[in-house]
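**Q** For reference, the sequence and a predicted model appear below.
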Amino acid sequence: MYLTCNPGGVGHNWVKRLFIDRAYKTNSDNPEENENPDDYNFIFATVEDNEFLLKSSPLYLRNLANMPEDVRRAYRYGDWDAIGGNYFKEFSRKVHVVKPFAIPPNWDRYRCFDYGLDMFSCFWFAIDTDGRLWFYRHYEHKDLIISEAAKQALEHTPMTEKIKATYGPPDMWNRQRETGRNMAEVFAENRLPLIKADNSRVQGHMLMKEMMAEKDVHDPFVLKQFKAERLPMLMFLDTVNSKVFSDIESIQADEDNPNDCAKQPHDLTHCVTGDTLIATPDGNIPIKDLNSFGICYAWDGEKIVERMHTPSHVTQHNADVYELELENGEKIKATAEHPVLTAAGWKRIDELTLADDVLSVL
(Lines give C-alpha, C1' and ligand atoms only; values in the text may rest on other atoms or scores of the structure.)
Protein backbone atom coordinates (compact mmCIF):
# COMPACT_ATOMS: atom_id res chain seq x y z
CA MET A 1 0.00 0.00 0.00
CA TYR A 2 1.28 3.47 -0.91
CA LEU A 3 0.16 6.82 0.54
CA THR A 4 0.78 10.31 -0.81
CA CYS A 5 -0.05 13.40 1.21
CA ASN A 6 0.95 16.82 2.46
CA PRO A 7 1.29 17.84 6.11
CA GLY A 8 -1.97 18.95 7.71
CA GLY A 9 -5.50 17.64 7.66
CA VAL A 10 -7.26 15.28 10.06
CA GLY A 11 -4.71 12.50 9.47
CA HIS A 12 -1.65 14.71 10.12
CA ASN A 13 -0.75 13.33 13.52
CA TRP A 14 -1.31 9.71 12.48
CA VAL A 15 1.02 10.06 9.48
CA LYS A 16 3.57 12.05 11.45
CA ARG A 17 3.68 9.51 14.27
CA LEU A 18 4.20 6.52 11.96
CA PHE A 19 6.35 7.92 9.16
CA ILE A 20 8.12 11.02 10.53
CA ASP A 21 8.54 10.50 14.29
CA ARG A 22 8.48 6.69 13.91
CA ALA A 23 6.89 6.36 17.35
CA TYR A 24 5.44 2.87 17.24
CA LYS A 25 3.33 0.85 19.63
CA THR A 26 5.56 -2.08 20.56
CA ASN A 27 4.66 -2.98 24.14
CA SER A 28 0.87 -3.17 24.09
CA ASP A 29 -0.91 -5.59 26.41
CA ASN A 30 -2.64 -6.82 23.28
CA PRO A 31 0.09 -8.02 20.87
CA GLU A 32 -2.24 -7.46 17.90
CA GLU A 33 -2.03 -3.70 18.56
CA ASN A 34 1.77 -3.63 18.25
CA GLU A 35 3.27 -2.00 15.16
CA ASN A 36 6.29 -3.26 13.23
CA PRO A 37 8.67 -0.39 12.29
CA ASP A 38 9.76 -2.37 9.20
CA ASP A 39 6.23 -1.99 7.81
CA TYR A 40 6.61 1.79 7.36
CA ASN A 41 8.91 3.67 5.02
CA PHE A 42 8.91 7.41 4.27
CA ILE A 43 10.16 8.91 0.99
CA PHE A 44 10.58 12.68 1.26
CA ALA A 45 9.61 14.77 -1.76
CA THR A 46 9.06 18.46 -2.48
CA VAL A 47 7.29 20.30 -5.26
CA GLU A 48 10.51 20.27 -7.33
CA ASP A 49 10.14 16.51 -7.65
CA ASN A 50 6.83 16.96 -9.46
CA GLU A 51 8.03 18.19 -12.85
CA PHE A 52 4.63 17.67 -14.47
CA LEU A 53 2.95 19.96 -11.92
CA LEU A 54 5.51 22.74 -12.37
CA LYS A 55 5.15 22.63 -16.15
CA SER A 56 1.35 22.57 -16.12
CA SER A 57 1.01 25.21 -13.35
CA PRO A 58 3.81 27.79 -13.72
CA LEU A 59 2.31 29.97 -10.96
CA TYR A 60 2.14 27.14 -8.42
CA LEU A 61 5.34 28.14 -6.59
CA ARG A 62 4.19 31.75 -6.40
CA ASN A 63 0.87 30.66 -4.93
CA LEU A 64 2.72 28.65 -2.26
CA ALA A 65 4.90 31.65 -1.46
CA ASN A 66 1.81 33.75 -0.71
CA MET A 67 0.43 31.32 1.86
CA PRO A 68 0.70 31.93 5.64
CA GLU A 69 4.15 31.04 6.92
CA ASP A 70 3.19 27.84 8.72
CA VAL A 71 1.21 26.52 5.75
CA ARG A 72 3.94 27.59 3.31
CA ARG A 73 6.61 25.75 5.30
CA ALA A 74 4.43 22.65 5.31
CA TYR A 75 3.34 22.63 1.65
CA ARG A 76 6.43 24.19 0.04
CA TYR A 77 9.16 22.51 2.06
CA GLY A 78 7.41 19.48 3.54
CA ASP A 79 7.91 20.60 7.15
CA TRP A 80 5.77 18.27 9.29
CA ASP A 81 6.48 20.31 12.41
CA ALA A 82 5.13 23.53 10.89
CA ILE A 83 1.48 22.64 11.42
CA GLY A 84 -0.42 20.12 13.49
CA GLY A 85 -3.83 20.91 14.80
CA ASN A 86 -5.08 24.13 13.29
CA TYR A 87 -8.19 24.72 15.38
CA PHE A 88 -6.76 26.06 18.66
CA LYS A 89 -3.94 28.09 17.13
CA GLU A 90 -4.16 30.34 20.19
CA PHE A 91 -2.84 27.58 22.49
CA SER A 92 0.84 27.51 23.41
CA ARG A 93 2.44 25.40 26.12
CA LYS A 94 4.91 28.21 26.77
CA VAL A 95 2.04 30.59 27.48
CA HIS A 96 -0.80 28.51 28.86
CA VAL A 97 1.06 25.88 30.94
CA VAL A 98 2.88 26.84 34.14
CA LYS A 99 4.66 25.17 37.03
CA PRO A 100 2.45 24.09 39.94
CA PHE A 101 1.85 26.41 42.89
CA ALA A 102 -0.25 26.33 46.06
CA ILE A 103 -3.73 27.47 45.04
CA PRO A 104 -4.98 30.28 47.33
CA PRO A 105 -7.78 29.25 49.69
CA ASN A 106 -10.07 32.05 48.49
CA TRP A 107 -10.23 30.63 44.95
CA ASP A 108 -13.34 28.51 44.29
CA ARG A 109 -12.67 24.97 43.07
CA TYR A 110 -14.76 22.85 40.71
CA ARG A 111 -14.83 19.51 38.93
CA CYS A 112 -16.11 18.71 35.44
CA PHE A 113 -16.16 15.45 33.53
CA ASP A 114 -17.28 13.54 30.47
CA TYR A 115 -18.50 10.01 31.03
CA GLY A 116 -18.75 6.98 28.79
CA LEU A 117 -17.66 3.38 28.81
CA ASP A 118 -14.85 4.24 26.42
CA MET A 119 -13.49 6.88 28.85
CA PHE A 120 -14.26 8.69 32.09
CA SER A 121 -12.33 11.98 31.91
CA CYS A 122 -12.43 14.32 34.91
CA PHE A 123 -10.81 17.73 35.41
CA TRP A 124 -10.32 19.85 38.54
CA PHE A 125 -10.02 23.62 38.19
CA ALA A 126 -9.94 26.76 40.33
CA ILE A 127 -11.08 30.28 39.48
CA ASP A 128 -9.13 33.35 40.61
CA THR A 129 -10.69 36.69 41.50
CA ASP A 130 -10.38 37.85 37.87
CA GLY A 131 -12.46 34.89 36.66
CA ARG A 132 -9.39 33.15 35.22
CA LEU A 133 -9.59 29.33 35.11
CA TRP A 134 -6.65 27.27 36.39
CA PHE A 135 -6.85 23.55 35.57
CA TYR A 136 -4.67 21.71 38.05
CA ARG A 137 -5.61 17.99 37.95
CA HIS A 138 -6.84 15.44 35.44
CA TYR A 139 -7.89 11.81 35.75
CA GLU A 140 -9.10 9.43 33.05
CA HIS A 141 -9.89 5.73 32.95
CA LYS A 142 -11.78 3.33 30.70
CA ASP A 143 -14.46 0.76 31.55
CA LEU A 144 -15.82 2.39 34.71
CA ILE A 145 -19.45 1.97 35.73
CA ILE A 146 -21.04 5.00 37.40
CA SER A 147 -20.29 3.97 40.99
CA GLU A 148 -16.62 3.37 40.13
CA ALA A 149 -16.34 6.68 38.24
CA ALA A 150 -17.84 8.57 41.20
CA LYS A 151 -15.49 6.77 43.58
CA GLN A 152 -12.42 7.73 41.53
CA ALA A 153 -13.49 11.37 41.29
CA LEU A 154 -13.87 11.51 45.07
CA GLU A 155 -10.69 9.57 45.84
CA HIS A 156 -8.64 11.89 43.61
CA THR A 157 -9.98 14.88 45.52
CA PRO A 158 -8.01 15.42 48.77
CA MET A 159 -10.06 15.92 51.91
CA THR A 160 -8.55 19.40 52.26
CA GLU A 161 -10.14 20.54 48.98
CA LYS A 162 -13.62 22.01 49.06
CA ILE A 163 -15.24 21.47 45.67
CA LYS A 164 -18.02 23.96 45.09
CA ALA A 165 -19.72 22.02 42.25
CA THR A 166 -19.25 19.14 39.80
CA TYR A 167 -20.46 19.59 36.22
CA GLY A 168 -21.57 16.71 34.00
CA PRO A 169 -22.73 16.48 30.34
CA PRO A 170 -26.47 16.73 29.53
CA ASP A 171 -26.83 13.05 28.61
CA MET A 172 -26.43 12.22 32.31
CA TRP A 173 -30.03 13.45 32.68
CA ASN A 174 -31.55 11.25 29.97
CA ARG A 175 -34.23 9.18 31.68
CA GLN A 176 -34.77 5.49 31.12
CA ARG A 177 -38.31 5.02 29.85
CA GLU A 178 -39.13 1.97 31.98
CA THR A 179 -37.61 3.08 35.30
CA GLY A 180 -37.63 6.87 34.98
CA ARG A 181 -34.08 6.95 36.38
CA ASN A 182 -31.09 8.75 34.93
CA MET A 183 -27.32 8.55 35.42
CA ALA A 184 -27.16 11.88 37.27
CA GLU A 185 -29.28 10.31 40.00
CA VAL A 186 -26.93 7.33 40.22
CA PHE A 187 -23.93 9.66 40.51
CA ALA A 188 -25.75 11.53 43.31
CA GLU A 189 -26.45 8.23 45.11
CA ASN A 190 -22.70 7.64 45.02
CA ARG A 191 -21.96 10.97 46.75
CA LEU A 192 -21.27 12.94 43.56
CA PRO A 193 -24.20 15.31 42.86
CA LEU A 194 -24.02 17.02 39.48
CA ILE A 195 -24.91 20.29 37.79
CA LYS A 196 -25.87 20.03 34.12
CA ALA A 197 -23.30 21.58 31.78
CA ASP A 198 -23.89 22.88 28.26
CA ASN A 199 -22.19 20.62 25.72
CA SER A 200 -22.67 22.82 22.66
CA ARG A 201 -19.39 22.10 20.90
CA VAL A 202 -19.06 25.16 18.66
CA GLN A 203 -20.05 27.68 21.34
CA GLY A 204 -17.81 25.94 23.87
CA HIS A 205 -14.81 25.92 21.57
CA MET A 206 -15.31 29.57 20.64
CA LEU A 207 -15.40 30.40 24.34
CA MET A 208 -12.16 28.44 24.85
CA LYS A 209 -10.53 30.41 22.04
CA GLU A 210 -11.61 33.66 23.67
CA MET A 211 -10.30 32.55 27.06
CA MET A 212 -6.92 31.62 25.58
CA ALA A 213 -6.38 35.32 24.88
CA GLU A 214 -4.46 37.43 27.40
CA LYS A 215 -6.39 39.78 29.68
CA ASP A 216 -5.34 42.21 32.42
CA VAL A 217 -4.32 40.68 35.75
CA HIS A 218 -5.77 42.18 38.95
CA ASP A 219 -5.73 39.21 41.31
CA PRO A 220 -3.08 40.09 43.98
CA PHE A 221 -1.78 36.52 44.23
CA VAL A 222 -1.38 36.14 40.45
CA LEU A 223 0.37 39.51 40.19
CA LYS A 224 2.87 38.48 42.84
CA GLN A 225 3.30 34.90 41.60
CA PHE A 226 3.86 35.66 37.92
CA LYS A 227 4.84 39.33 37.90
CA ALA A 228 2.78 39.73 34.73
CA GLU A 229 0.25 42.41 33.85
CA ARG A 230 -1.58 40.16 31.38
CA LEU A 231 -2.25 36.42 31.26
CA PRO A 232 -4.67 34.17 29.36
CA MET A 233 -8.01 33.52 31.05
CA LEU A 234 -7.46 29.77 30.59
CA MET A 235 -4.39 28.32 32.27
CA PHE A 236 -3.05 24.83 33.03
CA LEU A 237 -0.67 23.63 35.70
CA ASP A 238 1.81 21.10 34.33
CA THR A 239 0.49 18.59 36.86
CA VAL A 240 -2.25 17.98 34.26
CA ASN A 241 -1.50 14.98 32.03
CA SER A 242 0.53 16.19 29.05
CA LYS A 243 -1.77 14.11 26.81
CA VAL A 244 -4.37 16.85 27.35
CA PHE A 245 -2.06 19.41 25.76
CA SER A 246 -1.27 17.08 22.86
CA ASP A 247 -4.99 16.60 22.26
CA ILE A 248 -5.59 20.36 22.18
CA GLU A 249 -2.69 20.82 19.76
CA SER A 250 -3.96 18.03 17.49
CA ILE A 251 -7.52 19.25 16.95
CA GLN A 252 -8.18 20.19 13.34
CA ALA A 253 -10.66 22.72 11.99
CA ASP A 254 -13.60 21.49 9.96
CA GLU A 255 -12.93 22.25 6.29
CA ASP A 256 -16.60 23.06 5.70
CA ASN A 257 -17.18 25.03 8.91
CA PRO A 258 -14.09 26.82 10.27
CA ASN A 259 -16.02 27.62 13.48
CA ASP A 260 -16.18 23.91 14.26
CA CYS A 261 -13.56 21.24 14.73
CA ALA A 262 -13.14 18.21 12.49
CA LYS A 263 -15.09 15.19 13.68
CA GLN A 264 -13.10 12.55 11.79
CA PRO A 265 -11.17 10.39 12.22
CA HIS A 266 -12.06 8.94 15.61
CA ASP A 267 -10.02 6.37 17.47
CA LEU A 268 -11.48 2.90 16.93
CA THR A 269 -12.80 1.49 20.21
CA HIS A 270 -15.55 -0.86 19.12
CA CYS A 271 -17.03 -2.58 16.07
CA VAL A 272 -20.31 -3.93 14.76
CA THR A 273 -20.90 -6.69 12.23
CA GLY A 274 -21.32 -5.92 8.55
CA ASP A 275 -25.04 -6.64 8.54
CA THR A 276 -25.76 -3.95 11.16
CA LEU A 277 -28.39 -1.59 9.73
CA ILE A 278 -27.59 2.15 9.57
CA ALA A 279 -30.44 4.67 9.23
CA THR A 280 -29.96 6.90 6.16
CA PRO A 281 -32.20 9.13 3.99
CA ASP A 282 -32.44 6.12 1.63
CA GLY A 283 -33.62 3.78 4.38
CA ASN A 284 -31.80 1.29 6.61
CA ILE A 285 -28.62 0.09 4.89
CA PRO A 286 -26.16 -2.59 6.14
CA ILE A 287 -22.98 -0.89 7.30
CA LYS A 288 -20.87 -3.06 4.99
CA ASP A 289 -22.66 -1.46 2.01
CA LEU A 290 -21.76 2.11 2.98
CA ASN A 291 -19.00 2.44 0.40
CA SER A 292 -18.86 6.23 0.13
CA PHE A 293 -19.35 9.40 2.16
CA GLY A 294 -22.95 10.24 2.95
CA ILE A 295 -25.60 11.17 5.52
CA CYS A 296 -26.85 8.93 8.31
CA TYR A 297 -29.06 9.48 11.34
CA ALA A 298 -27.68 9.24 14.87
CA TRP A 299 -28.72 9.87 18.46
CA ASP A 300 -26.74 12.71 20.10
CA GLY A 301 -28.01 12.01 23.62
CA GLU A 302 -31.07 14.20 23.30
CA LYS A 303 -32.46 13.89 19.76
CA ILE A 304 -31.95 12.29 16.37
CA VAL A 305 -29.52 14.33 14.23
CA GLU A 306 -27.89 14.06 10.82
CA ARG A 307 -24.25 12.98 10.73
CA MET A 308 -21.77 12.52 7.91
CA HIS A 309 -20.55 8.93 7.62
CA THR A 310 -17.33 7.76 6.01
CA PRO A 311 -16.92 4.63 3.88
CA SER A 312 -17.08 1.53 6.06
CA HIS A 313 -14.12 -0.81 6.31
CA VAL A 314 -13.15 -4.04 8.01
CA THR A 315 -11.43 -3.36 11.33
CA GLN A 316 -11.10 -6.82 12.87
CA HIS A 317 -10.94 -10.39 11.63
CA ASN A 318 -12.13 -13.45 13.60
CA ALA A 319 -13.23 -11.26 16.52
CA ASP A 320 -15.57 -12.56 19.22
CA VAL A 321 -19.08 -11.29 18.44
CA TYR A 322 -21.95 -10.89 20.91
CA GLU A 323 -25.63 -10.61 20.03
CA LEU A 324 -27.83 -8.34 22.14
CA GLU A 325 -31.60 -8.90 21.87
CA LEU A 326 -33.89 -6.19 23.26
CA GLU A 327 -37.41 -6.59 24.57
CA ASN A 328 -38.84 -5.20 21.32
CA GLY A 329 -37.10 -7.96 19.36
CA GLU A 330 -34.36 -5.74 17.95
CA LYS A 331 -31.01 -7.53 17.72
CA ILE A 332 -27.56 -5.96 17.68
CA LYS A 333 -24.29 -7.78 17.00
CA ALA A 334 -21.01 -6.21 18.16
CA THR A 335 -17.56 -7.01 19.47
CA ALA A 336 -17.02 -7.50 23.20
CA GLU A 337 -15.88 -3.94 23.96
CA HIS A 338 -18.81 -2.21 22.25
CA PRO A 339 -20.35 0.28 24.75
CA VAL A 340 -23.98 0.02 25.81
CA LEU A 341 -25.69 2.69 27.92
CA THR A 342 -27.68 1.18 30.79
CA ALA A 343 -29.54 2.65 33.75
CA ALA A 344 -26.39 1.93 35.79
CA GLY A 345 -24.07 3.64 33.30
CA TRP A 346 -21.98 2.50 30.35
CA LYS A 347 -21.09 -1.18 30.12
CA ARG A 348 -19.30 -3.34 27.59
CA ILE A 349 -21.68 -5.56 25.67
CA ASP A 350 -19.99 -8.65 27.10
CA GLU A 351 -20.72 -7.41 30.65
CA LEU A 352 -24.51 -7.14 30.25
CA THR A 353 -26.89 -9.31 32.25
CA LEU A 354 -30.64 -9.92 32.00
CA ALA A 355 -31.12 -7.43 34.83
CA ASP A 356 -29.69 -4.49 32.87
CA ASP A 357 -32.03 -1.80 31.50
CA VAL A 358 -30.57 -0.77 28.13
CA LEU A 359 -30.96 2.90 27.22
CA SER A 360 -28.82 3.22 24.11
CA VAL A 361 -26.22 1.43 21.99
CA LEU A 362 -23.45 3.41 20.30
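**A** Yep, it's here.

**Q** Sketch out the low-pLDDT regions of the stretch 201-350 of the chain for me.
**A** Applying pLDDT under 70 to the stretch 201-350 of the chain flags the ranges 255-256, 263-271, 291-294, 299-303, 308-319.

**Q** quick one, helices of it?
**A** In the stretch 201-350 of the chain, the helices defined using DSSP state H, counting those that start in this stretch lie at 201-211, 220-226, 242-250.

**Q** right, and these - which one's nearest Trp107?
**A** When the helices of the stretch 201-350 of the chain are ranked by proximity to Trp107, the top entry is helix 220-226, at 8.2 Å, counting by C-beta to C-beta. Bear in mind the C-beta positions are built from the backbone N, C-alpha and C, glycine included.

**Q** returning to what we had before: let me have the helices of the stretch 201-350 of the chain in a markdown table, extended by distance to Phe42 and mean neighbour count.
**A** Output for these, formatted as a markdown table (distance: least, C-beta to C-beta, whole Å; neighbours: other C-beta atoms under 10 Å):
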| stretch | distance to Phe42 | mean neighbour count |
| --- | --- | --- |
| helix 201-211 | 32 | 14 |
| helix 220-226 | 42 | 14 |
| helix 242-250 | 20 | 15 |
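
**Q** Could you save those helices as a markdown table and add columns showing distance to Met67?
**A** Supplementary listing: the helices of the stretch 201-350 of the chain in a markdown table, determined by distance: least, C-beta to C-beta, whole Å:
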| stretch | distance to Met67 |
| --- | --- |
| helix 201-211 | 22 |
| helix 220-226 | 36 |
| helix 242-250 | 21 |
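
**Q** Which stretch among the ones you listed approaches Arg181 most closely?
**A** Of all the helices of the stretch 201-350 of the chain, the one in closest proximity to Arg181, counting by C-beta to C-beta, is helix 201-211 (27.1 Å).

**Q** Need the nearest residue in space to Lys333, chain neighbours excluded.
**A** Residue nearest to Lys333 in three dimensions, not counting chain neighbours: Thr273, with 4.2 Å by C-beta to C-beta, 6 or more residues apart in numbering.

**Q** so which of the helices of the stretch 201-350 of the chain comes closest to Asp357?
**A** Taking C-beta to C-beta, helix 201-211 is the member of these nearest to Asp357, at 28.6 Å.

**Q** Tell me which residues are up against the closest one.
**A** Around helix 201-211, the neighbours that count as contacts under C-beta atoms under 8 Å, 6 or more residues apart in numbering are Tyr87, Phe88, Glu90, Leu133, Asp198, Pro232, Met233, Leu234, Asn257, Asn259, Asp260, Cys261.

**Q** ok, 6 Å please
**A** If you take C-beta atoms under 6 Å, 6 or more residues apart in numbering as the criterion, helix 201-211 is touched by Glu90, Met233, Leu234, Asn259, Asp260.

**Q** Columns neighbour count and distance to Leu154 on top of these, output as TSV?
**A** Written out in TSV, the entries for the contacts of helix 201-211 read as follows (neighbours: other C-beta atoms under 10 Å; distance: C-beta to C-beta, whole Å):
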residue	neighbour count	distance to Leu154
Glu90	17	34
Met233	18	28
Leu234	20	26
Asn259	13	37
Asp260	15	35
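
**Q** Most widely separated two among those?
**A** Among the contacts of helix 201-211, the pair separated by the greatest distance (C-beta to C-beta) is Met233 and Asp260, which sit 21.7 Å apart.
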